[in-house]
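> only the shape, not the letters, is given here:
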């Protein structure tokens, strides 16, 4: 069984070595995540080239996702690296403080005193430390500690319920978008977008830098939830970024929001990535917990395009084992997905010929004993539409465009194949596509396959033909 759900793995100290990277590709990594919160631009460019080189050697396409840092709202550093706070302590977050102590600490986000007031609840270190704001005095936020513990350097700050005014794109992000364009990133993830305008600005900057990346909106702010549909419209994909989102809206709200986001993304022909702590225990363990297995499986059954590993592959002791575990859980979960006519979008308005061909292809494949779908494509749009509907039939994107092959690595159920458009005769191309699938072992003589193609050949967005054939019949004619 070919796995349909894609695996995104984050690079870091545990996975930068070429031998480990090669094993990650072998284990099933589809997309590599470059975390721009760490490292230098030249290092990221080098890693992207290394991944692509190793993938080429294996005859694979691996996508590259650049994850922008965004506005990291953090405390500063302490004289002795950390302090211990008790419930009831008074503690000051001071925008003018250089080096913290037991009474106060600095802020890297100097506007925080303008964003909070008496009664605000601040959550530090992913909610491990909880502070209630008693008053704001100039650049000082005087807090009472409600949940104490150890607080160390540079920990993050969230406001319960959201409402911080920090812009989604910092000056660093704007420079990093240029780096992403230079390394020809397939995807750029924008951290902490509040609305569609944040995503439109990111797209404008990316295009101005000469990039052609698809944009991923990381949903991790409370105020992004009511703006979810407009953010989706302005993006190509969303990431269910459960870490900061869970801190801002409360952990109990996250599972239902995750289901809603995945459903909305599919309805709007967008992609969905489910991320954060999916197999967190595998940072130090060679096997996941049963709860983590269920978490991944539920995201797969809900229809997510991809599941993502963060520290598990970036800094963990078992990066390859984490990808292998993710792979086997996805495959098992996919066996339980029921394909029903109710999921066929029968009442949906279709706006173009190529989208109608994509819908018809999946409807037909789900009702006949079709072994594979071969979509001859330039842009990959037809396979994106196909992948929005539940199907157990593998979809092969046959394209000469290397950028398209890398982008479809994130499309659920779509598998890229390097295919040269050697002629303008559609019949010859369809026969060659059929033979290509047979050579790869995807189908055998006698199998029924469905092929789609556009005329004139080579025109992007021009899919207008669907054909159903039995493998091998053209060689008998």
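Nice, thanks for sending it over. Nothing here was measured: the structure is a model prediction, and the numbers come from that model. Numbers count the residues shown, from 1 in each chain.

> CA atoms for contacts and neighbours, from now on please.
Fine.

> let me know the next secondary structure element after the host helix or strand of residue 135.
Taking DSSP states H and E as the criterion, the element that holds residue 135 is strand 129-137. Using DSSP H and E, the helix or strand that follows strand 129-137 in sequence is strand 140-147.

> packing partners of that following strand?
Strand 140-147 sits against strand 90-94, strand 129-137, with contacts defined as 3 or more CA pairs under 8 Å, 6 or more residues apart in numbering; DSSP states H and E.

> what helices or strands is the longest one leaning on?
Spelled out, that is strand 129-137. So strand 129-137, by 3+ CA pairs under 8 Å, 6+ apart, packs with strand 121-124, strand 140-147.

> what about the strands in the stretch 301-450 of the chain?
All strands of the stretch 301-450 of the chain, identified by DSSP state E, counting those that start in this stretch, fall at 306-309, 370-376, 395-399, 414-418, 448-454.

> highest average neighbour count across those?
strand 306-309 (a mean of 27; mean count of other CA atoms under 10 Å).

> got the contact list for that strand?
Strand 306-309 is contacted from outside by 5-10, 272-279, 296, 299-300, 322-323, 410-412, using CA atoms under 8 Å, 6 or more residues apart in numbering.

> and if you look at stretch 423-437?
374, 376, 398, 419, 421-422, 443, 449, 451, 453, 455-457, 471, 474.

> let's have the strands of the stretch 301-450 of the chain in a markdown table, adding mean pLDDT.
Below are the strands of the stretch 301-450 of the chain laid out as a markdown table (pLDDT from 0 to 100):
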| stretch | mean pLDDT |
| --- | --- |
| strand 306-309 | 98 |
| strand 370-376 | 96 |
| strand 395-399 | 96 |
| strand 414-418 | 97 |
| strand 448-454 | 93 |
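
> of those strands, which is nearest residue 143?
Minimum separation from residue 143 across the strands of the stretch 301-450 of the chain (CA to CA) falls at strand 306-309, 35.2 Å.

> okay, and the beta partners of the residue nearest the centre of the chain?
For the chain, the residue nearest the mean C-alpha position is residue 273 (3.8 Å; CA atoms, centre = their mean). Residue 273 forms beta bridges with residue 239, residue 306, as assigned by DSSP bridges.

> gap between stretch 39-59 and the chain center?
18 Å (CA atoms, centre = their mean, to the nearest Å).

> quick one: mean pLDDT over it.
Stretch 39-59 shows a mean pLDDT of 96.

> and it, what's buried?
41, 44, 45, 47, 48, 50, 51, 52, 53, 54, 55 (16 or more other CA atoms under 10 Å).

> looking at those, which one is closest to residue 213?
When the buried residues of stretch 39-59 are compared against residue 213 (criterion: CA to CA), the nearest one is residue 48, at 14.1 Å.

> just list the residues touching residue 185, thanks.
Residues in contact with residue 185 (CA under 8 Å, 6+ apart) are 63, 64, 65, 66, 211, 212, 213.

> looking at the residues you listed, which are in strands?
63, 64, 65, 66 (DSSP state E).

> measure the closest residue to residue 280 other than its chain neighbours to residue 213 for me?
Spatial nearest neighbour of residue 280, chain neighbours left out: residue 312 (6.2 Å); criterion: CA to CA, 6 or more residues apart in numbering. Distance from residue 312 to residue 213, counting by CA to CA, to the nearest Å: 26 Å.

> one more: residue 10?
18 Å.

> may I have the phi/psi pair for residue 78?
Backbone geometry at residue 78, expressed as degrees, to the nearest 10, gives phi -100, psi 160.

> surely it touches residue 97?
No. With contact defined as CA atoms under 8 Å, residue 78 does not reach residue 97; the gap is 10.1 Å.

> could you tell me which residues touch both of those two?
Joint contacts of residue 78 and residue 97 (CA under 8 Å, 6+ apart) are residue 105.

> quick one: closest of the helices and strands packed on strand 129-137 to residue 355.
strand 121-124 (45.4 Å).

> wait, what's in contact with residue 151?
Contacts of residue 151 were listed using CA under 8 Å, 6+ apart, and they are 82, 83, 84, 85, 125, 129.

> what do you get if the cut-off is 6 Å, keeping everything else the same?
Contact partners of residue 151, counting by CA atoms under 6 Å, 6 or more residues apart in numbering, are 82, 83.

> check residue 84 too.
Applying CA under 6 Å, 6+ apart, the residues near residue 84 are 149, 150.

> chain center to the helix or strand harbouring it, what's the gap?
Here residue 84 sits within strand 82-85, counting by DSSP H and E. Put simply, strand 82-85 sits 35 Å off its chain's centre (CA atoms, centre = their mean).

> what does stretch 406-416 give?
12 Å.

> how about stretch 467-477?
39 Å.

> what comes into contact with that stretch?
Residues contacting stretch 467-477 (CA under 6 Å, 6+ apart): 445, 446, 447, 448, 449, 450, 451.

> with distance to residue 30 added, can I get those residues in CSV?
CSV is the format used below for those (distance: CA to CA, whole Å):
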residue, distance to residue 30
445, 29
446, 31
447, 27
448, 27
449, 25
450, 25
451, 24
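
> break this protein into its domains for me.
6-70+167-334, 82-159, 341-476 (automatic domain parsing).

> where along the stretch 151-300 of the chain do the strands fall?
Under DSSP E, counting those that start in this stretch, the stretch 151-300 of the chain gives strands at 157-159, 187-190, 214-219, 237-241, 271-275.

> just checking: what are the partner strands of the third one?
What it means is strand 214-219. Counting by DSSP bridges, strand 214-219 is paired with strand 187-190 (parallel), strand 237-241 (parallel).

> go through these and pick out the most buried.
strand 187-190 (a mean of 28).

> check contacts around residue 405.
Contacts of residue 405 (CA under 6 Å, 6+ apart): residue 416.

> over to the one 10 residues further on?
Contacts here follow CA under 6 Å, 6+ apart; on that basis residue 415 touches 396, 397.

> can you check residue 241 too?
218, 219, 220, 275.

> any idea which of those residues is least confident?
Where pLDDT dips furthest among the contacts of residue 241: residue 220, at 94.

> correct me if wrong: it contacts residue 245.
Yes. With contact defined as CA atoms under 6 Å, residue 220 counts as touching residue 245 (4.0 Å).
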